[in-house]
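In: I'd like to go over a predicted model; first the sequence, then the structure.
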Amino acid sequence: MIPIEFDAIIFQEGKNFVAHCPELDVSSCGHNVDEAKGNLKTAVRLFVEEAEKLGPVEDILKEAGCQLGSDGMWRSPRIVATEVMSLTA
């Protein structure tokens, strides 16, 4: 499997925690933050494994905005900030 580095956004839905990788649009969940993050790693690994079966995984990663580093690690675009915002009438 190719090495990949990705962002994870974790949020709570009821009693569960959801971990989401926005670049690949892959999510998973768990009963706590650590479980959700571990499950997201598994989901991303499965995504990459399936992508490798379909064709050049590099094309899929490039389309998602990832870049190959000089060390051979694929890196997704970094999330610079997240912020709660609102619109009012």
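Out: Perfect, I can see it now.
In: quick check, central residue of this protein?
Out: By C-alpha atoms, centre = their mean, the chain has its centre lying nearest to residue 21, at 2.3 Å.
In: what's the closest non-adjacent residue to that residue?
Out: Distances taken as C-beta to C-beta, 6 or more residues apart in numbering put residue 6 closest to residue 21, at 4.9 Å, once the chain neighbours are dropped. C-beta: built from backbone N, CA, C; applies to glycine.
In: does that neighbour really touch residue 23, like I thought?
Out: Yes. Contact criterion C-beta atoms under 8 Å: residue 6 and residue 23 qualify, at 6.1 Å.
In: what touches both of these two?
Out: Common contact partners of residue 6 and residue 23 (C-beta atoms under 8 Å, 6 or more residues apart in numbering): residue 76.
In: where do the strands sit along the protein?
Out: For the chain, the strands defined by DSSP state E occupy 4-5, 9-13, 16-21, 26-30, 67-68, 74-75.
In: follow-up on the earlier one: enumerate every residue touching the residue nearest to residue 21.
Out: 21, 23, 24, 44, 76.
In: how about TSV for these, with pLDDT and distance to residue 61 added?
Out: TSV is the format used below for the contacts of residue 6 (pLDDT from 0 to 100; distance: C-beta to C-beta, whole Å):
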residue	pLDDT	distance to residue 61
21	94	12
23	89	9
24	91	8
44	95	11
76	89	8
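In: alright, that wraps it up for me.
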